[in-house]
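Trainee: this one's sequence-less:
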């Protein structure tokens, strides 16, 4: 057969090449013969090193050398008397099983351990952390006139406190009706409210509306850390606690004065800092961050916005010329073009239905019940006679 390459199949003799010639660099002759006779050598027929030779299986077995068979079974390769494992001869199922075993982790918790976290939670627990009275939203007068956010927010608060849409018994009022009571005349969209609408102005208008509709209420600053009428000695944490308590009180409504705008806080959500505390029954103030739900009377902004309390506190604690626009937090803390230094008009105001109004409602209900009982007694006496 020759001194060189040997295969188990009978290939044309022209395709057989002397190994010594291949070692001397006559690779081109080898490739030419292969192309000419369409003989494609297998990987086992390629000499990698001078120490590597290809022999028939019978000679390897006689000499005691180990033999590695190719996938086709056509050739066998002996490399320095050692068994060579080719890539396609590896048993893949063995590797996959090892990989699956390596993925197994020891000490995994069972689902029973996580179910214990929700054993004690109730609807009442979650309602303490997620407070939202839909009637506050229903009473929002939206949309507003251009720059009428102050009076429109005041009308929204008044309707929640005194109308049957909210927690009262009166007929709801519109912003046009309120403006007429306050002495404004149409056309209302041409009125420039900005120059004369302020915090104290809204409180004064609230009293005028109450007097006109014969109801009782009061207003005050819940949190105003700087400027005139500031709430001295009230920290941000204490103000947040008062706001959260007030949002659960049916006799209180709120207006937040931010950068060139007024709108109404209507709820809040205490979000746990830890993911595993999502359904934990009770959490301390240090374990949550509070988001405030605020209704906007402008149709150019979302009807309900959620703002972090820490951002609201940052806005209220800025002083001129610095300010933070709570509706455009992406702009960061900005600087006004003003010579005034110190102070801040931004604040949160409380509008409260007075206990006198509740007493009046109870008196009306008692008197109506008394009249009804008297009529029933008169009817019974007439029937008896």
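Mentor: Perfect, I can see it now. Everything quoted here is computed from the prediction, not taken from an experiment. Numbering: from 1, shown residues only.
Trainee: tell me what the longest strand along the chain is packed against?
Mentor: Of all the segments of type strand in the chain, defined by DSSP state E, the longest one is strand 261-272. Using 3 or more CB pairs under 8 Å, 6 or more residues apart in numbering; DSSP states H and E as the contact test, the elements touching strand 261-272 are strand 130-132, helix 134-138, helix 149-162, helix 236-247, strand 252-258, strand 288-295, strand 304-308. Heads up, the C-betas are built off the backbone N, CA and C, glycines and all.
Trainee: neighbouring strands for that strand, and are they parallel or not?
Mentor: strand 130-132 (antiparallel), strand 252-258 (antiparallel), strand 288-295 (antiparallel) (DSSP bridges).
Trainee: pLDDT-wise, which helix or strand of the protein ranks last?
Mentor: strand 52-53 (a mean of 42; mean pLDDT, DSSP states H and E).
Trainee: picking that back up, buried sites along the longest strand of the chain?
Mentor: 261, 262, 263, 264, 265, 266, 267, 268, 269, 270, 271 (16 or more other CB atoms under 10 Å).
Trainee: let's have the strands paired with strand 261-272 in CSV, adding mean neighbour count, mean pLDDT and distance to residue 308.
Mentor: Below are the strands paired with strand 261-272 laid out as CSV (neighbours: other CB atoms under 10 Å; pLDDT from 0 to 100; distance: least, CB to CB, whole Å):
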stretch, mean neighbour count, mean pLDDT, distance to residue 308
strand 130-132, 15, 97, 15
strand 252-258, 25, 97, 13
strand 288-295, 20, 97, 6
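Trainee: those: which one's closest to residue 321?
Mentor: Closest approach to residue 321 among the strands paired with strand 261-272 is made by strand 252-258 (16.5 Å; CB to CB).
Trainee: which outside residues touch that closest one?
Mentor: Strand 252-258 has contacts (CB atoms under 8 Å, 6 or more residues apart in numbering) with 136, 153-154, 156-158, 160-161, 199, 202, 222, 243, 246-247, 262-265, 294, 312, 315, 325-327, 345-353.
Trainee: pull the residues that contact stretch 228-248.
Mentor: 131, 133, 199-200, 221-225, 252, 254, 265-268, 285, 290, 292, 309, 313, 317, 343, 348, 350.
Trainee: measure it end to end?
Mentor: 28 Å (CA to CA, to the nearest Å).
Trainee: return the set of buried residues in it.
Mentor: For stretch 228-248, burial by neighbour count (16+ other CB under 10 Å) applies to 231, 236, 239, 240, 242, 243, 244, 246, 247.
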